[in-house]
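Novice: Output the structure for:
(one chain, ligands or ions: 1)
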Amino acid sequence: MTQQYQNFIAGEWRPARSGERFGRENPATGEATGRYPRSGPDDVRDAVCAAQAAAPLWRATPAPKRGEILFRAGEILVREKERFARELTEEMGKVLAEARGDIQEAIDMTYYMAGEGRRQFGQTTPSELPDKFAMSVRAPVGVVGCITPWNFPMAIPSWKIMPALVTGNAVVFKPSQYAPKSAYNLVRALADAGLPPGVLNMVVGEGAQVGATVVEHPGIDLISFTGSNAVGRTIARQCADAGKPVSLEMGGKNAILILDDADLALALDGVIWSAFGTTGQRCTAASRVIVQAAVYDEFAERLVARAERLRLGNGLEPTTDVGPIVNSDQLRKVDSYITIGRDEGATLACGGATTNVGELGKGYFFQPTVFTDATPSMRIAQEEIFGPVTALIKVGSLDEAIEVNNGVPYGLSTSIYTRDVNAAFRAIEGITTGLVYVNAGTIGAEIHLPFGGTRGTGNGHREAGTAALDTFTEWKTVYIDYSGQLQKAQMTEEL
Ligand code: NAD
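Specialist: Below you'll find the predicted structure:
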């Protein structure tokens, strides 16, 4: 029998108030992976109530104690890593090695933020007046709404929940309806680690019902969202109307720049990994490859040969290089871009079709696809596809490569392959994305550095590293005057 999962509200595992459920299937095999509450606005209201009730005590809990609970949750994640990774592969399709990476990222973030329990540094600084002390301290925002996508179903929730908790916020978490089991595993680890009831609440369901209520509820003080631009922009407008702070991490149209002097074998490894890893379903996926003219033909030929050899299959099989696409809607979307690319005049050099040979017929498989002869303004070179599709663009110079790279509505990740240190530094300076890699692919961010993007990718915030603390805290500036008399700042002539 398919396992049933619940919401987590006020420290209890509860069904949706409506009693309704929905099922999820393995995108590689079609087999049922679990049944989940189809929650609605009432469930969100319960969760917000529980979070509001728990917030004052949690805020008053010393941060190092909050960190200790995270540390224990990290130990649970380490212990359960293999099981959680397999369940993650079964529910959203990425290959097992990458699923382990997803869990590892959550472990890294949990330990890192556990350490923040004893840091969360502010500033102390001299005052302009005598006998006066000045400092800044971080304060929690209150109740935080975390809304997450399916493509990193344990890592991304950890990027939000761990910094929110360690800084003293209560959380209402709305995971993706396409990957709720990994969300359950993360929340369960925190509950088993001893998190007090109500501090973290999870409500599973559709975006339009659950997510929208989380955004609109006046009891939620801050929204942290990762997902598509369409949804993110809507949330931004709603938050603007409500005067609610919001942190947005959205789509990408990332590129790898390959200069004439690059180590082509290394660049090829980087493109294969960045374009087809996670079946291209990463916000940082390399869906453009911008190649300097002298090596364009050779690189295109080698890339197509490698892409054609990639083995599609169930991510649990050790022989699989590329897993399925997450669901039928996404499969159709990816497929539609093949027609778009051809109609625009790009050359379909390999792939370009769904695959249903043998066992693959049970899942949502799409061949690794390479377009050549793409130009910068084509839709396949401008829009996020979120599948195993990449487009090669020929350029004459480094300056042109940088211009093409920056000329998209997104600004998340760029990589450059070159052996010329001067070119690498000029690229670092000229590239306007939030992440820049030299001689490595566009994917593989580490959790202790800021993560996020410019232009349409974000709204100026960064996740991870100490930057995450800025999202989930307010600065409180404190002046202590021990002179025993009225002192007036900015009026030094009266001193
Ligand atoms: P999505 O926008 O469809 O859904 C994201 C979350 O928002 C889900 O939990 C969904 O249920 C919820 N949601 C949907 N409609 C809502 C509404 N009206 N109000 C509130 N919540 C709502 O995105 P997805 O398909 O789950 O994820 C893929 C997208 O996420 C891609 O665009 C990808 O680039 C992006 N992404 C970005 C990053 C990053 O850090 N920049 C990381 C991973 C994924």
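Novice: Name the residues of the stretch 1-150 of the chain found near the ligand, please.
Specialist: 147-150 (Cβ under 6 Å from any ligand atom). Every residue, glycine included, has its C-beta placed from N, CA and C.
Novice: Show me these that map onto helices.
Specialist: Applying DSSP state H to these, no entry is found in helices.
Novice: Please identify which of the residues you listed is nearest to the ligand.
Specialist: Distance to the ligand across those (Cβ to the nearest ligand atom) is lowest for residue 149, with 3.0 Å.
Novice: quick one: contacts for that closest one?
Specialist: 156, 176, 226-228 (Cβ atoms under 8 Å, 6 or more residues apart in numbering).
Novice: From those residues, which land in strands?
Specialist: Taking DSSP state E, the ones among the contacts of residue 149 that sit in strands are residue 226.
Novice: what packs against the lowest-mean-pLDDT helix or strand in the chain?
Specialist: Least confident helix or strand, the chain: strand 354-355 with a mean of 92, by mean pLDDT, DSSP states H and E. Here strand 354-355 is seen to pack against strand 365-366 when contacts are counted using 3 or more Cβ pairs under 8 Å, 6 or more residues apart in numbering; DSSP states H and E.
Novice: neighbouring strands for the strand it packs on, and are they parallel or not?
Specialist: Applying DSSP bridges, strand 365-366 is found paired with strand 354-355 (antiparallel).
Novice: Show me what the partner strand is in contact with.
Specialist: By Cβ under 8 Å, 6+ apart, the residues outside strand 354-355 that reach it are 312, 331, 335, 364-367.
Novice: so which of the contacts of residue 149 also contact the ligand?
Specialist: Among the contacts of residue 149, the residues lying close to the ligand (Cβ under 6 Å from any ligand atom) are 156, 176, 226-228.
Novice: Could you count how many residues lie near residue 450?
Specialist: By other Cβ atoms under 10 Å, the residues close to residue 450 number 16.
Novice: Pick the one among the contacts of strand 354-355 closest to residue 296.
Specialist: Using Cβ to Cβ, residue 367 comes nearest to residue 296 of the contacts of strand 354-355, at 22.6 Å.
Novice: show me what contacts the closest one?
Specialist: Shown in contact with residue 367 (Cβ under 8 Å, 6+ apart): 312, 350-355, 388.
Novice: same thing with residue 392?
Specialist: 288-289, 291, 296, 299-300, 303, 349, 370-374.
Novice: need those in a markdown table with distance to residue 169, can you?
Specialist: Shown next, in a markdown table, are the contacts of residue 392 (distance: Cβ to Cβ, whole Å):
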| residue | distance to residue 169 |
| --- | --- |
| 288 | 38 |
| 289 | 41 |
| 291 | 46 |
| 296 | 50 |
| 299 | 47 |
| 300 | 49 |
| 303 | 45 |
| 349 | 49 |
| 370 | 45 |
| 371 | 44 |
| 372 | 49 |
| 373 | 50 |
| 374 | 44 |
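Novice: which among these gets closest to the ligand?
Specialist: So of those, ranked by how close each gets to the ligand (Cβ to the nearest ligand atom), first place is residue 288, at 14.4 Å.
Novice: Could you pull up phi and psi at that closest one?
Specialist: phi -140, psi 140 (degrees, to the nearest 10).
Novice: those strands in the stretch 351-495 of the chain, which residues are they?
Specialist: Using DSSP state E, counting those that start in this stretch, the strands assigned to the stretch 351-495 of the chain run over residues 354-355, 365-366, 369-374, 389-395, 410-411, 413-417, 435-438, 454-455, 473-481.
Novice: next one: the last one to chain centre, how far?
Specialist: Yep, that's strand 473-481 we're talking about. Mean-position distance between strand 473-481 and its chain equals 31 Å (Cα atoms, centre = their mean, to the nearest Å).
Novice: ok, now the third one?
Specialist: Taking Cα atoms, centre = their mean, the mean C-alpha location of strand 369-374 is offset from the chain mean by 27 Å.
Novice: what residue lies at the spatial centre of this structure?
Specialist: Centroid-nearest residue in the chain: residue 156, 4.8 Å away (criterion: Cα atoms, centre = their mean).
Novice: Output the below-cut-off pLDDT ranges for this structure.
Specialist: Along the chain, the model assigns pLDDT under 70 to residues 492-495.
Novice: how about the helices in it?
Specialist: Going by DSSP H, the chain shows helices at 41-60, 63-79, 81-92, 96-116, 155-166, 180-192, 212-216, 229-242, 264-276, 293-309, 328-344, 398-406, 421-430, 467-472.
Novice: What are the buried residues along the first one?
Specialist: So that's helix 41-60. Neighbour-count burial for helix 41-60, counted by 16 or more other Cβ atoms under 10 Å, picks out 41, 43-44, 46-52, 54-55, 58-59.
Novice: follow-up on the earlier one: nearest to the ligand, of the contacts of strand 354-355?
Specialist: Comparing those against the ligand with Cβ to the nearest ligand atom places residue 331 closest, at 12.8 Å.
Novice: Would you enumerate the residues in contact with the closest one?
Specialist: Contacts of residue 331 by Cβ under 8 Å, 6+ apart are 325, 354, 364, 366, 387.
Novice: what about burial for those, which qualify?
Specialist: Buried members of these, scored by 16+ other Cβ under 10 Å, are 325, 354, 364, 366, 387.
Novice: any idea how far the first one is from the ligand?
Specialist: According to Cβ to the nearest ligand atom, to the nearest Å, residue 325 and the ligand sit 11 Å apart.
Novice: From residue 293, how far off is the residue nearest to residue 294 when sequence neighbours are not counted?
Specialist: Counting by Cβ to Cβ, 6 or more residues apart in numbering, residue 294 lies nearest to residue 260, which is 4.4 Å off, once chain neighbours are set aside. Residue 260 sits 8 Å away from residue 293, going by Cβ to Cβ, to the nearest Å.
Novice: Those two - which one has more neighbours?
Specialist: Higher neighbour count among residue 260 and residue 293: residue 260, with 17 against 12, using other Cβ under 10 Å.
Novice: Isn't the more buried one up against residue 292?
Specialist: Yes: between residue 260 and residue 292 there is a contact under Cβ atoms under 8 Å: 4.6 Å.
Novice: Show me this structure divided up by domain.
Specialist: Recorded structural domains for the chain (assignment: automatic domain parsing) are 7-250+458-478, 254-438.
Novice: roughly how far is the last one from the heart of the chain?
Specialist: The reference is to domain 254-438. Using Cα atoms, centre = their mean, the offset of domain 254-438 from its chain centre is 19 Å.
Novice: Next: the first one.
Specialist: In terms of Cα atoms, centre = their mean, the centre of domain 7-250+458-478 is found 12 Å from the chain centre.
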